[in-house]
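> pasting the sequence and the predicted coordinates here, then a few questions.
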Amino acid sequence: MSQTIMSALGQLFTVENLIFINIGIFIGIIFGAIPGMNGNLAITVLLPFTFALGTVPALLMLTAIFFGSNFGGSISSILINTPGTNAAAATLLDGYPLAKKGKPRKALDMALVASTFGGLVSAFCLLFFAPQISKVAIKFGAPEYFSLAIFGLSIIASVSGKSILKGLICGAFGVLISTVGIDSVSGVTRFTFGNLQFYNGIKMLAVLLGVYAIAQMISRINKTEEGGSSVLHKADPEDHLTFKEAKSTLPTMAKSSCIGAFIGAIPGTGGAIASFIAYNEAKRCAKQGEKFGEGELKGIAAPESANNGATAATLIPLLTLGIPGDVVAATLLGAFTMHGLVVGPKLFQNSGPLVYAVLIGCVISQIFMFLQGKYLLGLFVKITHIPQDLLTALLVIICCTGAFAIANSEIDLYVMLIFGVVAYFMQKVDLPPVPIVLGMVLGPTAESNLRNSLVMSGGSWKIFVQRPICLAFIILTFVLIILLKKNDSKQRKAEQAFLEKHGAK
């Protein structure tokens, strides 16, 4: 084993490899920061060019793009309230409010620290515990996926704002949107209105761009016309992350990174689910005075460490079992195959030094991501000083380009614009957009696995209490709902007491 590691280190630490890691990180951050673009698009575009590279530098660059893009998604979430990637949707819940307070650099620094922390945890899990984690992941069947999805959907109560009922309505709307297209079980088309372009469903990224970006642009245009500020965020002299602040988020980052690594290792889940679960857990454990949704640092640290904790972990089922954990892992599967590597149980036995060179490279990538991020964030923060009317016009152009780039289809443009208008009017009546995203993310997982579970059991619902992992998730769901209700009641009483005291004065 030690000889394999030494050989891997020899293959890894060359000037060429370190350069390609840095190139990959840079490309990933840029693609992740642009709404509508993502790491998978960057990897797909650059994959043919890796023919000219050796196996190690090619795989190091492609995995570095993956890591960089995951962090890059937080940049647009924080600065313009538009997630650059699906996994960054939870980051804007506290990232953007903190940026609006004049502290965009503090929010971005927190995202960078959390992303690096989560990425390192994930990379070390991949390096040292891949076989053990894969044994747990392989036990997940349709019933386990369904119970996990239901556990995730219960988070709607936590992100619904003041009205849980309104949150549930929006969550149901998100689930309804996710049913558009061809039914994976029966093959029947649903809500396509005879349009062939809806057969593959409504693209989630197009909805995200509409719900967050376009709705926000419409709102800004109205505020500008009413005499609003010409600058997006007014500078605050305390716009920097202190060591004490970063240290206070360590327990949150540690817990969220582990959540991300575990969920990322389960095929078919990914960073979006992990980030919402971690955010909800951080909110549940909030101390008195911590106001999630208003720019709380832990509200940035939790989703960012979780979605980056899921990155390298998604490679665990790919490398050990030959099963890609998500879309990006499936693209990387093509890269491994293209360079002559057969992923699966015998990969480490047949190509040990080469694989360990890539795995150790995943750890090195996180360090380079932190270093590049520290430099690039200073440039990205300057976006906040652009006059608002000019910035709005630029963002609309970027969003339209990004929506079209999803599948080179104009239908995604229309979807984005329609959902943008709908979300704008939703804001007017205090309907939260986050449950829509949760419904879209978890709806397909819940539906398909519920039906497959009932097929497995011959229509019996007992299957969900007869399997230990399922039962554990069901119990956790009920516990979570009870705790959320209890916390909500305590918060309402505290607010009422404050108002009574304030009124007395």
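Good, I have the coordinates. Worth saying up front: this structure is predicted, and the values here are computed from it rather than measured.

> just the strands in the protein please.
181-182, 189-190 (DSSP state E).

> give me the contact list for the last one.
The reference is to strand 189-190. For strand 189-190, the surrounding residues in contact (Cβ atoms under 8 Å, 6 or more residues apart in numbering) are T179, V180, G181, I182, D183, Y199. All C-beta atoms are positioned from the backbone trio N, CA, C, and that covers glycine.

> find the nearest non-adjacent residue to the fifth one, please.
In this case it means D183. Distance criterion Cβ to Cβ, 6 or more residues apart in numbering; nearest residue to D183, sequence neighbours excluded, is R190 at 5.9 Å.

> so what's the residue count around that neighbour?
14 (other Cβ atoms under 10 Å).

> re earlier: how about the strands of the chain, which one is nearest Y279?
Closest approach to Y279 among the strands of the chain is made by strand 181-182 (28.3 Å; Cβ to Cβ).

> tell me what the closest one is packed against?
Using 3 or more Cβ pairs under 8 Å, 6 or more residues apart in numbering; DSSP states H and E, the elements in contact with strand 181-182 are strand 189-190.

> give me the sheet partners of the strand it packs on and which way each runs.
Paired strands of strand 189-190, with direction, are strand 181-182 (antiparallel) (DSSP bridges).

> who touches the strand it pairs with?
If you take Cβ under 8 Å, 6+ apart as the criterion, strand 181-182 is touched by V188, T189, R190, F191, T192, F198, Y199, N200, G201, I202.

> please repeat the previous calculation with a cut-off of 7 Å.
Strand 181-182 is contacted from outside by T189, R190, T192, F198, Y199, N200, G201, using Cβ atoms under 7 Å, 6 or more residues apart in numbering.

> buried subset of those?
T189, T192, F198, G201 (16 or more other Cβ atoms under 10 Å).

> gap between the first one and L196?
What that stands for is T189. 10 Å (Cβ to Cβ, to the nearest Å).

> out of the buried ones among the contacts of strand 181-182, who's nearest T337?
Closest to T337, out of all of the buried ones among the contacts of strand 181-182 and judged by Cβ to Cβ, is G201, at 27.1 Å.

> wait, the closest one touches V180, no?
Yes: if you go by Cβ atoms under 7 Å, G201 and V180 touch, sitting 5.3 Å apart.

> dump the strands of the chain into CSV; add mean pLDDT and distance to T85 as well.
Output for those, formatted as CSV (pLDDT from 0 to 100; distance: least, Cβ to Cβ, whole Å):
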stretch, mean pLDDT, distance to T85
strand 181-182, 86, 22
strand 189-190, 88, 27
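
> wait, which of those strands is closest to V396?
The nearest among the strands of the chain, by Cβ to Cβ, is strand 181-182 at 27.5 Å.

> still on that earlier bit, I'd like the buried ones among the contacts of strand 181-182 laid out as JSON lines, including distance to L209.
Output for those, formatted as JSON lines (distance: Cβ to Cβ, whole Å):
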{"residue": "T189", "distance to L209": "25"}
{"residue": "T192", "distance to L209": "21"}
{"residue": "F198", "distance to L209": "17"}
{"residue": "G201", "distance to L209": "16"}
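
> ok, so of these, who is nearest A111?
Using Cβ to Cβ, the buried ones among the contacts of strand 181-182 come closest to A111 at G201, 29.8 Å.
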